[in-house]
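[1] Sequence and predicted structure, then a few things I'm wondering about:
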Amino acid sequence: MNHWHVEDPVDTLVLDEGAIAVEVPASWGAEVSHQLRSAGPLGPILAIPGPRLRWLFLARPDPEPEPRHVPPPDVRYWRGPRHIPAARSRWVVPPAGALPPVGAVRCAIRTVRRLR
């Protein structure tokens, strides 16, 4: 069961309790998705235009309590329940299959930041 859905027309991403979306600048998106795919399942990714294009990686919470984590300045975590504005968005990776744990997304972001 998904803990999120996109309202039709695609203008809002709705996260239910227990769902997480990780926002990264689109300039990092392809590298983060490549790193994530190398580590395991790649979940849905939504591209949201705006003053700056951003990608939202949908994830599930880690089974263990989250370690204290301070995200990089350009990264944002959205936890459900929440409505995220997503006007004119498009799927970079359409929904299908399992969601990766948020820890895997966090690890992919750290790897990309080290490589930059």
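    Right, received. Where do you want to start?
[2] SS state for Pro72?
    Following DSSP: H, G, I helix; E, B strand; the rest coil, the label given to Pro72 is coil.
[3] quick one: it and Arg114 touch, right?
    No - under the criterion of CB atoms under 8 Å, Pro72 makes no contact with Arg114, lying 11.0 Å away. C-betas here are computed from N, CA, C, even on glycine.
[4] A helix includes Leu36, no?
    Yes - Leu36: assigned to a helix according to three-state DSSP.
[5] any idea how far it is from Arg88?
    Going from Leu36 to Arg88 by CB to CB, to the nearest Å gives 24 Å.
[6] more crowded one of the two?
    Per other CB atoms under 10 Å, whichever of Leu36 and Arg88 has more neighbours is Leu36, with 24 against 11.
[7] Run a quick neighbour tally on the residue nearest to the more buried one when sequence neighbours are not counted.
    Of all residues not flanking Leu36 in the chain, Ala108 sits nearest, at 4.3 Å (CB to CB, 6 or more residues apart in numbering). Close neighbours of Ala108, defined as other CB under 10 Å, add up to 26.
[8] On the three-state scheme, Ala108 is what?
    Put simply, Ala108 is helix when judged by three-state DSSP.
[9] got any ranges where this structure has weak pLDDT?
    Within the chain, the segments meeting pLDDT under 70 span 1-10, 65-67, 116.
[10] just the strands in this protein please.
    For the chain, the strands defined by DSSP state E occupy 4-7, 12-15, 20-25, 45-48, 54-59, 76-79, 82-85, 90-93.
[11] Sweet, I'm off.
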